[in-house]
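A.B. asks: quick one, structure for this:
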Amino acid sequence: MRGGGEENDFDKPMAGEYKVKFFSADGENHATFNVVAGNAPDFHDKPHIVQRDGGNIIVIKVRAKSHLEMKAEWFKDDKPVKFNDRVKSVIKKDDKDKDGFQFLLEITGPQKEDEAKYKCVVKNSEGQNQQSLNLCFE
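C.D. replies: The predicted structure is shown next:
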């Protein structure tokens, strides 16, 4: 009996030990295997919101680190963010970590339709990791 599988949407938190049972006409068997995440990007802390210019600019800030080149993709309610003059993606070197970067989503003149679940997926050649938060106005 031979088994195989592939996980194409692997996130770092899925790494760990897994157990599986196999069933056939001859009986059952089991196996244990370890899934390693490689060197996917790590996050320094949870994402947070910063207000600038008296609340006229809202910034969602994600701090990630990797020894490999990273890129970030932003999603609003699970759809890619549409960037324009009001909504921008900014990448800055992290002044607190030589392997780190700040991935910023800047929203100028926030409006009610900007309320949503935002997700930042950070990827490198060895994997990906993601963080999300809900942006709500009161």
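
A.B. asks: in this structure, which spans are strands?
C.D. replies: Here the chain has its strands, by DSSP state E, at 16-24, 27-35, 42-43, 48-52, 57-65, 71-76, 79-80, 87-93, 100-108, 116-124, 127-135.

A.B. asks: in CSV: the ones you listed, plus mean neighbour count and mean pLDDT.
C.D. replies: For the C-beta atoms, the positions are set from N, CA and C on the backbone; glycine is no exception. Listed next are the strands of the chain as CSV, based on neighbours: other C-beta atoms under 10 Å; pLDDT from 0 to 100:
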stretch, mean neighbour count, mean pLDDT
strand 16-24, 9, 79
strand 27-35, 9, 76
strand 42-43, 16, 90
strand 48-52, 11, 93
strand 57-65, 20, 95
strand 71-76, 17, 96
strand 79-80, 9, 97
strand 87-93, 13, 95
strand 100-108, 20, 95
strand 116-124, 19, 95
strand 127-135, 17, 92
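
A.B. asks: what's near enough to touch the residue lying farthest from the centre of the chain?
C.D. replies: When distances are taken from the C-alpha mean of the chain, residue 26 lies farthest, 43.5 Å away, according to C-alpha atoms, centre = their mean. Neighbouring residues of residue 26 by C-beta atoms under 8 Å, 6 or more residues apart in numbering: there are none.

A.B. asks: mind checking pLDDT for it?
C.D. replies: Note for residue 26: predicted pLDDT of 82.

A.B. asks: backbone dihedrals for the closest residue in space to residue 39 that isn't next to it in sequence, please?
C.D. replies: Excluding its sequence neighbours, the residue lying closest to residue 39 (C-beta to C-beta, 6 or more residues apart in numbering) is residue 126, at 4.5 Å. The phi/psi pair for residue 126 (degrees, to the nearest 10) reads phi -110, psi 0.
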